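*Asks:* here is my input; please provide its structure:
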Amino acid sequence: MKNLEVKEIKTEEILSKIIEAAESKKGEDIVVLEIGKVNPIADYMVIISGSVPVHTQAIVDEIVDKLKGFNVLPSHIEGYNDGRWIAMDYGDIMVNVFLPELREYYQLEWLWSDAPRVDLKTVNG
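*Replies:* Below you'll find the predicted structure:
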């Protein structure tokens, strides 16, 4: 029997794959906050907008599919059926995919305004 080597993927690589997946499904106004600098709940929070519920669901599906190839699965997904605000927990990375009106209402960027923003160019090289 062949030994299968499982490569451990780093948090920053997971973050990069999340952003790539969201961009490939035309996720809008993608923001990454380094919340670990202000709260130990996670290292990063990703905030993405989708235009309609089926769009937010497609973004989430793409993120899950892309990371599944690296044996990385979310510990929890909330709000998928409604598609208005979908929250994904990847341990060190929290992903929030919103409809624009809910994103504006909840204002996570303002709530976490003490957390530094991550330049997406540095994440995706």
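*Asks:* all strands of the chain, in order?
*Replies:* For the chain, the strands defined by DSSP state E cover 28-33, 44-49, 76-78, 85-89, 93-98.
*Asks:* so which of the ones you listed is nearest Lys121?
*Replies:* strand 28-33 (11.1 Å; Cβ to Cβ). For the C-beta atoms, the positions are set from N, CA and C on the backbone; glycine is no exception.
*Asks:* let's see the closest one as PDB, backbone CA atoms only.
*Replies:* Taking Å, rounded to 0.1, in the frame of the first residue of the first chain, the C-alpha atoms of strand 28-33 are listed here in PDB:
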ATOM      1  CA  GLU A  28     -17.800  41.800  -5.200                       C
ATOM      2  CA  ASP A  29     -16.100  44.300  -2.800                       C
ATOM      3  CA  ILE A  30     -13.900  41.600  -1.200                       C
ATOM      4  CA  VAL A  31     -12.300  42.800   2.100                       C
ATOM      5  CA  VAL A  32      -9.900  40.900   4.300                       C
ATOM      6  CA  LEU A  33      -9.400  42.000   7.900                       C
END
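*Asks:* what's the angle between that strand and strand 44-49?
*Replies:* In terms of direction (axes from the mean of the first three to the mean of the last three Cα atoms, to 10 degrees), strand 28-33 departs from strand 44-49 by 160 degrees.
*Asks:* make TSV out of the strands of the chain and add mean neighbour count and distance to Asp65.
*Replies:* Output for the strands of the chain, formatted as TSV (neighbours: other Cβ atoms under 10 Å; distance: least, Cβ to Cβ, whole Å):
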stretch	mean neighbour count	distance to Asp65
strand 28-33	18	18
strand 44-49	23	16
strand 76-78	13	13
strand 85-89	19	13
strand 93-98	24	14
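*Asks:* now the end-to-end length of stretch 39-56.
*Replies:* 27 Å (Cα to Cα, to the nearest Å).
*Asks:* now for the longest helix seen in the chain, which elements pack on it?
*Replies:* If you go by DSSP state H, the chain has its longest helix at helix 53-68. Here helix 53-68 touches helix 11-24, strand 85-89, strand 93-98, going by 3 or more Cβ pairs under 8 Å, 6 or more residues apart in numbering; DSSP states H and E.
*Asks:* no further questions, thank you.
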